[in-house]
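> After the sequence you'll find the predicted model.
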Amino acid sequence: MINNIALVAHDSRKAELLSWVKFNAGVLKGCRLFCTGTTGRLVRETLQEALGEETPEVVCKLSGPLGGDFEIGAMIAEGDIDMLVFFCDNLIMQGHHNDVLGLTRLASLYNIPFATNRSTADFIISSPLFHSSEYERIIPSCIDSYKNRKL
């Protein structure tokens, strides 16, 4: 079951993410949300408007360029994030582009559902596996192999 979701959006895509959050508020109310900076404040406001007192916990990390991407990445590596929704602006180079690449690399490495656009986020959140208590994420064997390598 997916409980902990990280939500990240570049400035030009925040409105799109908030629209997605509002549309899926009913599903998201059963989750804990972790967001970078301003995105977190906006997500909380959107959910409070949509859900009132049923608003889920929204934990705000630092702004992405100030370390929030790293904080979310660390949570992924520690197994504390079950899904990443990252609406990134691919039309401009971000000042923290390497941070963005690192975050997407960790999502892939640790095998968590990862959406970079609304269509993918919709498919993930509407999947029966999203709600399944029997589903367990498989951590790739390469992680243990790397941890236990002999130098």
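Sure, I can see it.
> So which bits of the helix ranked longest in the chain are buried?
Scanning the chain for the helix with the most residues, using DSSP state H, yields helix 37-51. Using 16 or more other Cβ atoms under 10 Å as the test for burial, helix 37-51 gives 37, 39, 40, 42, 43, 44, 46, 47, 50. Where C-beta positions appear, they are placed from N, C-alpha and C, glycine not excepted.
> Closest to residue 79 out of the residues you listed?
Of all those, residue 79 sits closest to residue 40, with 20.9 Å by Cβ to Cβ.
> quick one on the thing from earlier: can I get the longest helix of the chain in PDB, CA atoms only?
Presented in PDB, the C-alpha positions along helix 37-51 are these (Å, rounded to 0.1, in the frame of the first residue of the first chain):
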ATOM      1  CA  GLY A  37       9.300  24.200   0.000                       C
ATOM      2  CA  THR A  38       6.600  26.300  -1.600                       C
ATOM      3  CA  THR A  39       5.000  23.300  -3.200                       C
ATOM      4  CA  GLY A  40       4.200  21.900   0.200                       C
ATOM      5  CA  ARG A  41       2.500  25.100   1.300                       C
ATOM      6  CA  LEU A  42       0.400  25.200  -1.800                       C
ATOM      7  CA  VAL A  43      -0.500  21.500  -1.600                       C
ATOM      8  CA  ARG A  44      -1.600  21.900   2.000                       C
ATOM      9  CA  GLU A  45      -3.800  24.900   1.100                       C
ATOM     10  CA  THR A  46      -5.300  23.100  -1.900                       C
ATOM     11  CA  LEU A  47      -6.100  20.000   0.200                       C
ATOM     12  CA  GLN A  48      -7.600  22.100   3.100                       C
ATOM     13  CA  GLU A  49      -9.900  23.800   0.600                       C
ATOM     14  CA  ALA A  50     -10.900  20.500  -0.900                       C
ATOM     15  CA  LEU A  51     -11.100  18.300   2.300                       C
END
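> Can you name every helix or strand that the strand or helix carrying residue 84 contacts?
Secondary structure from DSSP states H and E places residue 84 in strand 83-87. Packing partners of strand 83-87 (3 or more Cβ pairs under 8 Å, 6 or more residues apart in numbering; DSSP states H and E): strand 4-9, helix 14-23, helix 97-109, strand 114-115, helix 118-125.
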